[in-house]
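**Student:** Predicted structure and sequence below. I'll ask about it afterward.
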Amino acid sequence: MSSIWKKILGDFKVYKGRFIIMIIALTITLLAVMTLLTNFSIISREIGLKYMSTQPAHITLELDESTADLARQVEQLDYVESAEARGFALVRVKNPGGGWYPLKLFVVQDFEDLSVASFKANSGAWPASQGEI
């Protein structure tokens with residue numbers, strides 16, 4: 001047996017408690033790193049799949065006035081797969097703690113027929129009742 005192994009075994013006999021605590025700490029650290037890497041791989045895969053399933057817009061143009069007619073004309077271009085005209089409103093939301101937050105609301109004509117940047121409701125009734133958002 002080499003002198004290095006004799007030294008390690010001698011230290012282990014003298015400092016047995018420290019060695020056990022060190023092994024436990026290294027094991028916990030290794031498990032934590034493995035958990036983080038596993039979660040990262042799952043989340044990075046799922047976020048990409050979910051985002052692409054919404055058919056994200058490749059370009060968004062903000063015009064003074066856009067109509068469904070203009071969207072149909074743009075959609076007729078050979079290099080355009082799909083186009084939609086959507087309005088938007090710039091509003092403010094009051095913070096219960098004080099102050100205001102800016103909010104940009106997009107308006108769509110038909111929630112059932114979204115060809116670009118689609119989304120699904122997580123909760124609530126559809127269609128919304130009168131006076132609801």
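**Tutor:** Yep, that arrived. Numbers count the residues shown, from 1 in each chain.
**Student:** Just the element for the residue lying closest to residue 80 once chain neighbours are set aside, please.
**Tutor:** Spatial nearest neighbour of residue 80, chain neighbours left out: residue 74 (5.7 Å); criterion: Cβ to Cβ, 6 or more residues apart in numbering. Where you see a C-beta, it was placed from the backbone N, CA and C, and this is true even at glycine. Following DSSP states H and E, one finds residue 74 within helix 68-75.
**Student:** Walk me through which strands the helix or strand following that helix pairs with, and which way each runs.
**Tutor:** Next helix or strand after helix 68-75 toward the C-terminus (DSSP H and E): strand 87-94. Here strand 87-94 has these sheet partners by DSSP bridges: strand 100-107 (antiparallel).
**Student:** hey, C-alpha coordinates of stretch 87-100 in CSV?
**Tutor:** Extracted as CSV, the C-alpha positions of stretch 87-100 are listed here (Å, rounded to 0.1, in the frame of the first residue of the first chain):
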residue,chain,number,x,y,z
GLY,A,87,-56.0,46.1,-33.5
PHE,A,88,-54.6,47.1,-30.2
ALA,A,89,-55.3,49.5,-27.4
LEU,A,90,-52.8,51.1,-25.0
VAL,A,91,-54.2,51.2,-21.5
ARG,A,92,-53.1,51.5,-17.9
VAL,A,93,-53.7,49.1,-15.0
LYS,A,94,-53.8,50.5,-11.5
ASN,A,95,-51.4,48.8,-9.0
PRO,A,96,-53.2,48.1,-5.7
GLY,A,97,-50.0,49.4,-4.0
GLY,A,98,-50.2,52.6,-5.9
GLY,A,99,-49.1,53.7,-9.3
TRP,A,100,-50.0,52.6,-12.8
